[in-house]
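> please find the sequence and the predicted model below.
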2 protein chains.
Amino acid sequence: MSNTGPIVWELPPWIGEELDLGARLASDDAKMRFAIDLAARNVAHGGGPFGALIVESSSGSILSVGANWVMREHCSLLHAEIAAIVFGQHALRSHTFAVGDYELIASSEPCVQCLGATVWCGVRRLVTGATVEEAERIGFDEGPRSPNWRAELAARGIETVTGVLSSEAKRVLVDYGERGGVIYDARGSAGG
Amino acid sequence: MSNTGPIVWELPPWIGEELDLGARLASDDAKMRFAIDLAARNVAHGGGPFGALIVESSSGSILSVGANWVMREHCSLLHAEIAAIVFGQHALRSHTFAVGDYELIASSEPCVQCLGATVWCGVRRLVTGATVEEAERIGFDEGPRSPNWRAELAARGIETVTGVLSSEAKRVLVDYGERGGVIYDARGSAGG
């Protein structure tokens, strides 16, 4: 086994420069607008068309943000939701957001991996924009997800709100597809 | 948003001290024995009862190892499979194992999050030990997993072999349960 040294993940510098991370996001529309803006800016900086954030429900303050950094960090796990969860739990020094009252906002519905991550991470609410079908239409495979995923989350105490600003959310995906953006799945050409 | 600094994940020192990382693992039994040993040693070092590794199929050499480091790293994502995938892709500097011929060995069947991660990571084979039911029997919730998960993996070119050394694999879980090991889910007491 090769000794590869530690994994080090840092937020890209543009996150702090271009986004108002001190914003208070009072409505689901405001939270989703932030996630969609993050997704669009991530594409402009060479990443995938997905954005996510962890928000403290009571205050509307942003705990952490993430975007799709699969290619940037050479890590297939690093969907937007995963990045937001990793940085948010790191900020809290807790393996669960259930120490407070947090929610996950994502510009698209979760793939199967991020659905599981949502269950384990301890958020109480999931708010999504574009549908899985819209992500699949431009070529992303969202995987073997349970058709009852919303009921499964509800059974674990997680409320879901889907389709928030769905046309704006979809537009980021469509634009990416039309520009010939890389579909960086396991078997795609993105490894080249 | 608090500025939390970078995420840094390193392998615990005992990994290099106690395991023969240069081993060539010629059979599924040998690979699973390694994963189970890793799970048991992780429990002895205060972690969760799960172990995983990425193996190069042609040579049987170990690319990376992982164990459940949810509590150690304050990260709900860090199941054994996720750790092995993160360190393995870091070693290859590739977001997909499809640049070679790699397989994921895990001491238990994947939860829904790790099932998704398996699809995206680019392995061609998944070998598991204990069943999800056995993990659930000691209190771990494995989540809303598709009942057709093996067919779903097969449809994406990933062969699965389950139940390898299942009684030894199960024993690590049962021992952990009997010792009152922490069930570190999102809503468990582990956050305290």
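Nice, thanks for sending it over.

> list the contacts of residue A:160.
A:125-128, A:150, A:153-154 (CB atoms under 8 Å, 6 or more residues apart in numbering or on different chains). From N, CA and C alone the C-beta is placed, and that goes for glycine too.

> and those residues near chain B, which?
residue A:153 (CB under 8 Å from any CB of the partner chain).

> which residues in chain A form strands?
A:7-9, A:51-56, A:62-67, A:102-108, A:125-130, A:159-161 (DSSP state E).

> partner strands of the fifth one, with direction?
Going back to what we said before, that points to strand A:125-130. strand A:102-108 (parallel), strand A:159-161 (parallel) (DSSP bridges).

> can you put the ones you listed in CSV and add mean pLDDT?
Compiled in CSV, the strands paired with strand A:125-130 are given as follows (pLDDT from 0 to 100):
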stretch, mean pLDDT
strand A:102-108, 97
strand A:159-161, 97
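
> most tightly surrounded among those?
strand A:102-108 (a mean of 29; mean count of other CB atoms under 10 Å in any protein chain shown).

> now do that strand against strand A:51-56, angle only.
Angle between the axes of strand A:102-108 and strand A:51-56 is 160 degrees (criterion: axes from the mean of the first three to the mean of the last three CA atoms, to 10 degrees).

> how far away is residue A:47 from chain B?
12 Å (CB to the nearest CB, to the nearest Å).

> dump the residue contacts of that residue.
A:67-69, A:71-72.

> may I have the lowest-mean-pLDDT helix or strand in chain A as CSV, with CA atoms only?
When each helix and strand of chain A is scored by mean pLDDT, DSSP states H and E, helix A:132-137 comes last, with a mean of 83. C-alpha atoms of helix A:132-137 as CSV (Å, rounded to 0.1, in the frame of the first residue of the first chain):
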residue,chain,number,x,y,z
VAL,A,132,-33.6,13.6,-10.1
GLU,A,133,-35.2,13.3,-13.5
GLU,A,134,-33.7,16.6,-14.5
ALA,A,135,-30.2,15.6,-13.4
GLU,A,136,-30.6,12.3,-15.2
ARG,A,137,-31.8,14.0,-18.4
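
> just confirm yes or no for that helix near chain B.
No - shown here: helix A:132-137 not in contact with chain B (CB under 8 Å from any CB), separated by at least 12.4 Å.

> same thing with stretch A:56-68?
Yes - using CB under 8 Å from any CB, stretch A:56-68 reaches chain B at A:61-65.

> which pair in the contacts of residue A:47 spans the largest distance?
A:67 and A:71 (11.2 Å; CB to CB).

> looking at the two, which has the bigger crowd around it?
Legend: neighbour count by other CB atoms under 10 Å in any protein chain shown for residue A:67 and residue A:71, higher for residue A:67 (30 against 17).

> which residues does residue A:5 contact?
Counting by CB under 8 Å, 6+ apart, residue A:5 has no contacts.

> where does chain A dip in pLDDT?
For chain A, residues meeting the criterion pLDDT under 70 lie at A:2-4, A:184-192.

> which helix of it spans the most residues?
Ranked by residue count and defined by DSSP state H, the top helix of chain A is helix A:28-44.

> so that one, near chain B or not?
No - if you take CB under 8 Å from any CB as the test, helix A:28-44 misses chain B, and the best it gets is 11.2 Å.

> quick one: buried residues of that helix?
The neighbour-count check on helix A:28-44 (16 or more other CB atoms under 10 Å in any protein chain shown) flags A:28, A:31-43 as buried.

> residue B:55: which of the residues you listed is nearest?
Out of those, the member with the shortest distance to residue B:55 (by CB to CB) is residue A:42, at 33.5 Å.

> surely that closest one and residue A:51 touch.
Yes - the criterion here is CB atoms under 8 Å, and residue A:42 meets it with residue A:51 at 6.1 Å.

> spit out the residues that contact the two alike.
Joint contacts of residue A:42 and residue A:51 (CB under 8 Å, 6+ apart) are A:67-68, A:80.

> once you drop chain neighbours, what's closest to residue A:153?
Spatial nearest neighbour of residue A:153, excluding adjacent residues (CB to CB, 6 or more residues apart in numbering or on different chains): residue A:160 at 5.5 Å.

> tell me the bridge partners for the one you found.
residue A:126.

> quickly note the distance from it to residue A:127.
Computed as CB to CB, to the nearest Å, the residue A:160 to residue A:127 distance reads 8 Å.
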